[in-house]
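>>> the following block contains a protein sequence and its predicted model.
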Amino acid sequence: MTWASWIDFILGIWLIIAPFALGFRMMSGRAATEDVIFGILIAIFSLWTALKVGAPKAAGWLLGLFGLWVLIAPFVLRTHAVARVTPNDVVVGIIVLILAILRATAGGPHPAKTQAA
């Protein structure tokens, strides 16, 4: 599921630039810092899994944990009062989490069944 890793990579990059693009960097430094840090982590781990450079299966699970954190961070860090933070983080967190679940549950190629003659 390389496509899922590339979507995660794009979402990670988005999290890095979101505080500046959406203008909440000055309203909530805590939310901006969290988005940049987890954006970097999501981008790095998704790139690692996309390029398959020795990425263990745990890298996909970590992406799921990062997505879960991004989803709940506005409420845990109490930055949900900043209007643009919550919708952005919830949507990105849900997508990263769903992609991690899809990656974890996707089976590899099934061997062809052979019938005895």
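Here it is on my side, so go on.

>>> residue ranges with poor pLDDT in this protein?
Within the chain, the ranges that satisfy pLDDT under 70 run 1, 25-28, 80-81, 107-117.

>>> so for this structure, the centremost residue is which one?
For the chain, V96 is the residue whose C-alpha lies nearest the centre (Cα atoms, centre = their mean; 3.5 Å).

>>> tell me the contacts of that residue?
Applying Cβ atoms under 8 Å, 6 or more residues apart in numbering to V96 gives the contacts D8, L11, I42, L63, G64, F66, G67, V70. To be clear about C-beta, it is placed using only N, CA and C from the backbone, and glycine gets the same treatment.

>>> reformat these as CSV; add neighbour count, distance to L77 and secondary structure.
As requested, those are exported to CSV (neighbours: other Cβ atoms under 10 Å; distance: Cβ to Cβ, whole Å; DSSP: H, G, I helix; E, B strand; the rest coil):
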residue, neighbour count, distance to L77, secondary structure
D8, 27, 22, helix
L11, 24, 19, helix
I42, 28, 17, helix
L63, 27, 20, helix
G64, 18, 20, helix
F66, 24, 15, helix
G67, 24, 16, helix
V70, 28, 11, helix
